[in-house]
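A.B. asks: I would like the atomic coordinates for the input below:
(one chain, ligands or ions: 3)
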Amino acid sequence: MFEKSTWIRLPRNVVVGHGVRSAVVDVVDDLHLQGRPLLVTSPTPRAVAADPVAADFRDVGVDPAIVTVEAATFDAVETVIETAETEEVSYLVGIGGGKAIDIAKMASDHLDMGFLSVPTAASHDGIVSNRGSVPDGDTRHSVAAEPPLAVVADTEILADAPWELTTAGCADIISNYTAVMDWRLAKRLKDVEYSEYAAALAEMTAEILVDNADMVRPGLEESAWVVTKALMSSGVAMSIADSSRPASGAEHLFSHKLDRLAPDAALHGHQVGVGSIMTAYLHGGDRGVWRDIRDALSSIDAPTTAGELGIDDGTVIEALTTCHEIRDRYTILGDGMNERAAREVARKTGVVG
Ligand SMILES: NC(=O)C1=CN([C@@H]2O[C@H](COP(=O)(O)OP(=O)(O)OC[C@H]3O[C@@H](n4cnc5c(N)ncnc54)[C@H](OP(=O)(O)O)[C@@H]3O)[C@@H](O)[C@H]2O)C=CC1
Ligand SMILES: O=C(CO)COP(=O)(O)O
Ligand SMILES: [Zn+2]
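C.D. replies: Ligands and ions are numbered 1, 2, ... in the order given. Next up, the predicted model:
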């Protein structure tokens, strides 16, 4: 008897374009959401988008509550849950970068409430995914979370954000190449749950972005359009897989470890990009695709070396040798690299001097 089943949850409305921020209230109406919203944001996105969205709600006679979070932590998720209960809200709107959106989607899951995703930066592919990513001591959890009912991505806001946020989003997408290599390896060696559709979508998304790299230029609103669509496509791959596997392999373990060893030194996307150069080398050796990944990153102004990340060489080596311990996810790092091997890959790929 065939007993397999799957349940893929995706957004019902996706609104992307110039000035669409003001459509948040219309999207809420279209979804028949009633009552008070809680806007979940972080300091800079609050000024850029959350306060204007709050004003849009007031204009239509709705009084929103707002909570500002500083970091992607379980404590922040708790604060949002408490605020939602005290303020008696009916749904959440995550407004910001990966941090604010992740916290909103995890709090929504706990509260059993709907949630809208309003990105202010094209910096990460969690915009539509059904996962939250939270550091917890020496580990990092990929938490099942509420996927957004709708995404409202205003390309005017996204294009106005600092350019490095957009290049970080591109690098998060380019890292799909190695994430998928790791996933296929884990399927072959450990028979992990695997979806060819999700893997193909994640890879194709990276390919389309690389093919259109000449459209990703500072000051060009079309760049925000191209990158945001790729970020959403990558998030859909995670939702299809019901796992972050299509977009997160060893390069993400490396980045999560850097977050621990050198907090706030560099953006998530930039760290995974540099990680991807090295793990591509581990997969394919000198004839592999590591140079293509490095060149794709460099063509969109993303960092390709430890120095460009603002992280010292020793920290990169420490991260490479210890990051396999972060979570139980089989990758090309296996049970860990020794220091000599780590130095070799980092030097051969030019990541360290
Ligand atoms: N769930 C998932 O599937 C995924 C989750 N992630 C997670 O997302 C996070 C990374 O996302 P990222 O967006 O880089 O992180 P942040 O949300 O921390 O945003 C990065 C920086 O950009 C600032 N910012 C955001 N929007 C604007 C804007 N319009 N103008 C100026 N500054 C702005 C933020 O300000 P401020 O400090 O004020 O907030 C912050 O300093 C990580 O926690 C990562 O784990 C990443 C990929 C996938
Ligand atoms: O960043 C992600 C995909 O780009 C997902 O994060 P995790 O590595 O925590 O699953
Ligand atoms: Zn990522």
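A.B. asks: Local confidence estimate at Glu325?
C.D. replies: Looking at Glu325, its pLDDT stands at 97.
A.B. asks: shift numbering so it begins at 200
C.D. replies: Sure thing, new numbering starts at 200, so read that last one as Glu524.
A.B. asks: contacting residues for it?
C.D. replies: Taking Cβ atoms under 8 Å, 6 or more residues apart in numbering, we find Glu524 in contact with Asp337, Gly535. For glycine as for every other residue, the C-beta is placed from the backbone atoms N, C-alpha and C.
A.B. asks: any idea how far it is from Val333?
C.D. replies: Counting by Cβ to Cβ, to the nearest Å, the separation of Glu524 from Val333 is 17 Å.
A.B. asks: and the helix or strand where Lys428 lies, how far from the chain's centre?
C.D. replies: Assessed by DSSP states H and E, Lys428 sits inside helix 420-440. Mean-position distance between helix 420-440 and its chain equals 10 Å (Cα atoms, centre = their mean, to the nearest Å).
A.B. asks: Can you point out the buried residues in that helix?
C.D. replies: Of the residues in helix 420-440, 422-440 count as buried by neighbour count, 16 or more other Cβ atoms under 10 Å.
A.B. asks: Quick one: neighbours of Pro347, just the number.
C.D. replies: Using other Cβ atoms under 10 Å, Pro347 has 30 other residues around it.
A.B. asks: Over to Met305?
C.D. replies: The number of residues packed near Met305 is 28, by other Cβ under 10 Å.
A.B. asks: ok, now the one 5 residues further on?
C.D. replies: A count of nearby residues for Leu310, using other Cβ under 10 Å, gives 19.
A.B. asks: Check Val327 too.
C.D. replies: 26.
A.B. asks: Touching, it and Pro346? I think so.
C.D. replies: Yes - taking Cβ atoms under 8 Å as the definition, Val327 is a contact partner of Pro346 at 6.6 Å.
A.B. asks: distance of the closest residue to ligand 1 within the chain from Gly325?
C.D. replies: For the chain, the residue closest to ligand 1 is Gly297, as judged by Cβ to the nearest ligand atom, at 1.9 Å. Distance, Gly297 to Gly325, by Cβ to Cβ: 5 Å.
A.B. asks: so what's in contact with these two at the same time?
C.D. replies: Ser332.
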